[in-house]
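K.L.:
need coordinates for the following:
(one chain, ligands or ions: 1)
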Amino acid sequence: MRIAVGGFMHETNTFVDAPTTWDDFVRAGPWPTVTSGENILTVFRGINLAIAHFDAAVQAAGHEIVPLAWAAAQPGGRVADDAFERMATMFLDGLRRQAVDAVFLELHGAMVTRAHDDGEGAMLARVREAVGARVPILVSLDLHANVSPQMVEHADFISSYRTYPHTDWGAAGARCAQWLDRVMAWRRPARALRQSPFLVPVTAGCTYVEPAGGLYEQLRAIEAETGVHLSLNMGFPPADIFDVGPSVTAYGADQASVDQAADRLLAALQAAEPAFAAHNPLPVAEAVARALAIAATAARPVVLSDTQDNPGAGAPSSTTGVIAELLRQHADRAVVGILHDPAAAQAAHAAGIGGTLDRLGGGGTGPGQEPLPGPWRVSALSDGRFKGTSPMLRSAETTMGPTALLAQNGVEVLAATIRQQPIHREVFTHLGVDLGSRKIVALKSSAHFRAGYQEIAEEVIVCLAPGINLEDPAGFKFTKIRPKVRLRPAR
Ligand SMILES: [Zn+2]
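P.N.:
Residues are numbered from 1 along each chain as shown. Now for the predicted structure:
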């Protein structure tokens, strides 16, 4: 068979004003830049991405890959129409050039564009129109997808990640390959979508903790019993769209078993609502005090999650609340990252090691942007390039741009030029920072950091410092969400 493959991934925070432009897709970060044509067959090899694992599996089965295009950008504001149209053109041109037997697309599921509240639904509608009703479309989605009826209408198979941190991007692609023969045989598989009556805060959906971890075990148990393929999406709350929120998708041979399996998994999600509601991150002052108390006797660092400034949810990654609190409470051997502060990184490179900066941070908009006065001493510099070893994206070349480590009293801050989450420990170690010798490691990340840092942490404390990625979804001003959806889980 000839199978067209491509990808287009963006998690859109509609409460962020700045649009996500084509340049944001072109800029390389933790994953490859925009890739098209034959390069798709080589660039992704060995990377933990769905397209890589799908391609490897179907090629091993003797099928031919027809490469389209692939692009991903850091989460942020609505995707510019121009970027969406460029990708659509690359997909549709590739599909027009030759007939294919199936299509695989690596999508996120929470893309919102200027013109389309349901970015993936709009893209899938165009792909469906291009290939016709009889060519199956298989899709991998992020666990944070906000799945719409239109997406399920056009996608003949959806497999979403089952881990958060997402260590199984690749496995989602492999599952699409495993189910390919069945999807081809069914032509139009039976399918179901169930949307949750409540939103789940991002940190509560982490599968390292309950109830999320156990829900994915239930998913696998229902699949094993029924033979239906299930996905449980936790949704991405900061999106003012009709279809925001958690959902279940189900695909299989017959409608009755698909409906039944979807209903069982939705019931499990609803039964977990009080456990989701029990998640209770600490205000920053309390979190730092607790971290200092634990660190006083611990052999390993305490890890603080500055979730409300997580760039992985579209936040600017430039707030200073946690740093200020660490300084205020006289923290010793504390290190913070990644502060997105291109001006500080550039100034540090100009000043050289041992030089000083008279301010840090405060470059973004929104809450928590108070600059921190100096002196900040430049203690390490790099070009921000390294190979990361976190199981999330092992072997991907990471680029943070010019990067600097700046110190004041017992607090060090890693400032980088390209905005991204600290997924890999190499974010720090490539600059010579020995994390094991630090008492506190504070990370601008909600859960992805755990795949790289949990194993070295004495304890992880999620803290609430001022930032736009509100832990409590009820803080967002929704205008388009479905009626009667609870904005936070009820106890
Ligand atoms: Zn995600």
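K.L.:
would you mind measuring from residue 432 to residue 379?
P.N.:
9 Å (C-beta to C-beta, to the nearest Å). Where C-beta positions appear, they are placed from N, C-alpha and C, glycine not excepted.
K.L.:
can you pick out the residue with more neighbours from the two?
P.N.:
More crowded of residue 432 and residue 379, by other C-beta atoms under 10 Å: residue 379, with 16 against 10.
K.L.:
do you know how far the more buried one is from residue 17?
P.N.:
Going from residue 379 to residue 17 by C-beta to C-beta gives 35 Å.
K.L.:
ok, residue 427 next?
P.N.:
27 Å.
K.L.:
and these two? Which one has more around it.
P.N.:
A direct count of neighbours by other C-beta under 10 Å for residue 427 and residue 17 places residue 427 higher, at 28 against 10.
K.L.:
what comes up buried for the one helix or strand the more buried one maps to?
P.N.:
Per DSSP states H and E: residue 427 is located in helix 426-429. For helix 426-429, burial by neighbour count (16 or more other C-beta atoms under 10 Å) applies to 426-428.
K.L.:
so which elements touch whatever helix or strand comes next after it?
P.N.:
Downstream of helix 426-429, the first helix or strand assigned by DSSP H and E is strand 440-443. Counting contacts by 3 or more C-beta pairs under 8 Å, 6 or more residues apart in numbering; DSSP states H and E, strand 440-443 packs against helix 284-295, strand 302-306, helix 321-328, strand 334-340.
K.L.:
now stretch 9-20, how far from the centre of its chain.
P.N.:
13 Å (C-alpha atoms, centre = their mean, to the nearest Å).
K.L.:
residue 347 - how many residues pack around it?
P.N.:
21.
K.L.:
now swap in residue 409 and tell me
P.N.:
Neighbours around residue 409, by other C-beta under 10 Å: 12.
K.L.:
show the pLDDT at it.
P.N.:
With respect to pLDDT, residue 409 has a value of 97.
K.L.:
any figure for the gap between it and residue 427?
P.N.:
22 Å.
K.L.:
residue 428 and the ion, how far apart?
P.N.:
Here residue 428 is placed at a distance of 23 Å from the ion (C-beta to the ion, to the nearest Å).
K.L.:
leaving aside the residues adjacent along the chain, what's closest to the one residue in the stretch 351-491 of the chain that gets nearest to the ion?
P.N.:
Nearest to the ion, among the residues of the stretch 351-491 of the chain, is residue 448, at 7.9 Å (C-beta to the ion). Spatially, and ignoring its direct neighbours in sequence, residue 448 is nearest to residue 165 (4.4 Å; C-beta to C-beta, 6 or more residues apart in numbering).
K.L.:
helix, strand, or coil at that neighbour?
P.N.:
coil (DSSP: H, G, I helix; E, B strand; the rest coil).
K.L.:
how about the closest residue to residue 430 other than its chain neighbours, secondary structure?
P.N.:
Nearest non-adjacent residue to residue 430, counting by C-beta to C-beta, 6+ apart: residue 386, 4.0 Å away. Secondary structure, three-state DSSP: residue 386 is strand.
K.L.:
and residue 386, how many neighbours?
P.N.:
19.
K.L.:
contacts only, for the nearest residue to residue 334 once chain neighbours are set aside.
P.N.:
Spatial nearest neighbour of residue 334, chain neighbours left out: residue 440 (4.0 Å); criterion: C-beta to C-beta, 6+ apart. Residues near residue 440 by C-beta atoms under 8 Å, 6 or more residues apart in numbering: 288, 291-292, 295, 301-304, 326, 331, 333-335.
K.L.:
swap in residue 198?
P.N.:
245-246, 273, 276, 485-490.
K.L.:
in contact with the residue nearest to residue 353 when sequence neighbours are not counted, which residues?
P.N.:
Nearest residue to residue 353, sequence neighbours excluded (C-beta to C-beta, 6+ apart): residue 378, at 5.4 Å. Applying C-beta under 8 Å, 6+ apart to residue 378 gives the contacts 348, 351-357, 404-406.
K.L.:
tell me how many other residues crowd residue 1.
P.N.:
For residue 1, the neighbour count with other C-beta under 10 Å is 14.
K.L.:
can you tell me how far it is from the ion?
P.N.:
30 Å.
K.L.:
number of residues surrounding the closest residue to that residue other than its chain neighbours?
P.N.:
With C-beta to C-beta, 6+ apart as the criterion, residue 1 has its nearest non-adjacent residue at 4.0 Å, and that residue is residue 101. Residues near residue 101, counting by other C-beta under 10 Å, number 17.
K.L.:
correct me if wrong: residue 101 contacts residue 183.
P.N.:
No: counting by C-beta atoms under 8 Å, residue 101 does not reach residue 183; the two are 11.0 Å apart.
K.L.:
what residue is smack in the middle of the chain?
P.N.:
For the chain, residue 312 is the residue whose C-alpha lies nearest the centre (C-alpha atoms, centre = their mean; 5.4 Å).
K.L.:
for the chain, which helix or strand comes out least confident on mean pLDDT?
P.N.:
None of the helices or strands of the chain scores lower by mean pLDDT, DSSP states H and E than strand 397-399, at a mean of 84.
K.L.:
which of the three states applies to the residue lying closest to residue 445 once chain neighbours are set aside?
P.N.:
Among residues not flanking residue 445 along the chain, residue 421 sits closest, at 4.6 Å (C-beta to C-beta, 6+ apart). Three-state call for residue 421 (three-state DSSP): coil.
K.L.:
and residue 177, what element?
P.N.:
Secondary structure from DSSP H and E places residue 177 in helix 169-186.
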